[in-house]
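> prediction below, plus the sequence it came from.
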Amino acid sequence: MVAGALLLTACSLLVQSNAVQCKVDSDCSVFDAGGAAIVCVDTVCVGPGVGGPCMANTDCVTRSGGQPAICRNDTHECVALLSANCATVFGDYQSDDAIVLGSILSLSGEQASSGMDELQSAELALTDFTNTTVGLPAGADGKPRPLALVECDDTGDDTVATTAATHLVNDIGVPAILGPDASGLCTAVINNVTIPAKVLLISPAATSATLSGISPYFWRTSPSDDIQAVPLRLSVAEIATADSLNPIKLAILYKSDTYGTGLYASVTSTLQINGAPVGAAQNSANFEPVEYNADGSDIAAGVAQIVAFQPNLIALFGTNEVVSSGLDAIESSWPTGPARPFYLISDGGECQELLTEMSTNTGVRTRVRGTVPGTNNPLFQAFSLEYQGTYGAPAEVFGMAGSYDSIYLLAYAITSIGSGMINGTAVSNGMDKMVGGAPINVGTGDIKSAFNTLSAGNAIAINGASGPLHFDLTEHEAPSDINVWCVGLDGSNNPEFESSGRSYDATSSMMVGTFSCP
């Protein structure tokens, strides 16, 4: 009985990575693995016995009945990759050299169309590495290290996003996470999970100014809304001039999360209409700000308030719901008689829902313009064509190029670590190597060159599909040009997002180009 108690105690130590169980393989002879070999790995006895510690990812897949699972390097435990909120895994997770990352995006709910587009963009980048080099360098025996992505759905909810992040961080032990794309969801995840755990999170579309420089464990490919606010302010005057709005009667419908309120505050801080600040007494009858709950529960009341105000220009600062439940409802309830309004939409409203609205309400197309970080550069065009070839539609939604770029950034940051321990701190330090070195374009053409440069200990400078990613190493974001988009028609007369030719140049802090939209 004493011997049995000692054996049970020893078995309970098998998965405790902080316990010194062995120095040589023979120290592990007290364990029973059904005749299989048990070896000493990092002072822990490791073997393939059922219920015991693991040696390989395939051991864990077998034990789980074929469900996705891996053997954690740090604890030698089998862990399930999937959970209630994380339903799929993309890539070769069964390889013992695999590097498993996580993603948290809105794959259901109001933002599902954007989230799926961003996830597919990330998968496209992962496929680039698989098809070009199989994986990253510095695997065992010189083998490449495949990349795998555990894909989680935040459903647009803070609690769900945090639960998904907890699974990725605590259960699986991922070193880095892509997403969420919403500023509010990002704030919840980084404050409650990733920053305390020292896991890097990179967002493709979170733009709230409150996130700038918040932690070395948070990076983003999108710029602060303080930058986007400038062309939004300037576009108000340009729309008024182009469409003879005199006086300007402006309503702003904005979401009560960090994205909507932050953008509203940045835009209105110095916005003038009719020759005076929007908050001036003389504009009391010409300006109507309307805030709606982050869950969209009271957006119908906000729509009714705006329709009653009858503005000639409406700015929309929200995400998919600001179109599907905002613009759509305004248009359908607009009274007969008064001229219909023009719309100015921030990046969160550049979504499939807007194109769907214009398919049935064709008159709204010429009354809409918006802003989005990024440029219509050759790298974006190449990415969009690659995406269209894979998924059948061009890349038109904000965040897609950022997701594609984010996977390249994470892959190269991990490459810079070499054969060292891959954790959030190491990946964050590797992100510093993405600045100030040899120019590298995203896409398959420069992958091997990037590997060689980083493996030699040198830095690179990433040019992304979302624009040049010349990161500020304090703010952990890159200044970006802001493109002014409009909605044109494709060859089949279907609405599609197009660059208007007008944009905000971040370097000169000026609007450049001429607005022209078919």
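On my side now, so go ahead.
> switch to C-alpha atoms for all contacts and neighbour counts from now on
Fine.
> the stretch 301-450 of the chain: strands as residue ranges?
Secondary structure of the stretch 301-450 of the chain (DSSP state E, counting those that start in this stretch): strands at 313-317, 342-345, 368-373, 438-441.
> do you know which of those lies nearest Leu201?
Closest to Leu201 of the strands of the stretch 301-450 of the chain, according to Cα to Cα: strand 368-373, at 19.7 Å.
> follow-up on the earlier one: need the strands of the stretch 301-450 of the chain in a markdown table with mean neighbour count, distance to Ala251 and mean pLDDT, can you?
Putting these into a markdown table (neighbours: other Cα atoms under 10 Å; distance: least, Cα to Cα, whole Å; pLDDT from 0 to 100) gives the following:
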| stretch | mean neighbour count | distance to Ala251 | mean pLDDT |
| --- | --- | --- | --- |
| strand 313-317 | 24 | 5 | 98 |
| strand 342-345 | 24 | 10 | 98 |
| strand 368-373 | 26 | 14 | 94 |
| strand 438-441 | 18 | 41 | 97 |
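> which of these sits closest to Glu475?
That would be strand 368-373 among these, by Cα to Cα, at 16.7 Å.
> so what's the gap between that closest one and the chain middle?
Offset of strand 368-373 from its chain centre (Cα atoms, centre = their mean, to the nearest Å): 19 Å.
> that one pairs with which strands, and in what direction?
Strand 368-373 has the following strand partners under DSSP bridges: strand 342-345 (parallel), strand 482-489 (antiparallel).
> helix or strand next in line after the last one, which one?
The element immediately downstream of strand 482-489 (helix or strand, assigned by DSSP states H and E) is strand 495-505.
> tell me the mean pLDDT for that next one?
Averaged over strand 495-505, pLDDT sits at 92.
> kindly report the same for stretch 120-138.
Mean pLDDT, stretch 120-138: 97.
> neighbouring contacts of that stretch?
Outside stretch 120-138, the residues within contact range by Cα atoms under 8 Å, 6 or more residues apart in numbering are 90-91, 143-148, 387, 400-401, 403-408, 411, 415, 418-419, 443-444, 447-448, 451.
> tabulate the CA atom coordinates of that stretch in PDB.
Output of stretch 120-138 as PDB, limited to C-alpha atoms (Å, rounded to 0.1, in the frame of the first residue of the first chain):
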ATOM      1  CA  GLN A 120     -10.200  33.500 -44.900                       C
ATOM      2  CA  SER A 121      -7.500  36.100 -45.500                       C
ATOM      3  CA  ALA A 122      -5.500  34.700 -42.700                       C
ATOM      4  CA  GLU A 123      -5.900  31.200 -44.000                       C
ATOM      5  CA  LEU A 124      -4.700  32.500 -47.400                       C
ATOM      6  CA  ALA A 125      -1.500  33.700 -45.800                       C
ATOM      7  CA  LEU A 126      -1.000  30.400 -44.000                       C
ATOM      8  CA  THR A 127      -1.400  28.600 -47.300                       C
ATOM      9  CA  ASP A 128       1.300  30.800 -48.800                       C
ATOM     10  CA  PHE A 129       3.800  29.500 -46.300                       C
ATOM     11  CA  THR A 130       2.600  25.900 -46.700                       C
ATOM     12  CA  ASN A 131       2.800  25.900 -50.500                       C
ATOM     13  CA  THR A 132       6.100  27.800 -50.600                       C
ATOM     14  CA  THR A 133       8.200  26.400 -47.700                       C
ATOM     15  CA  VAL A 134       5.900  23.900 -45.900                       C
ATOM     16  CA  GLY A 135       6.500  26.000 -42.800                       C
ATOM     17  CA  LEU A 136       9.000  28.100 -40.900                       C
ATOM     18  CA  PRO A 137      12.800  27.300 -40.500                       C
ATOM     19  CA  ALA A 138      14.600  25.900 -37.400                       C
END
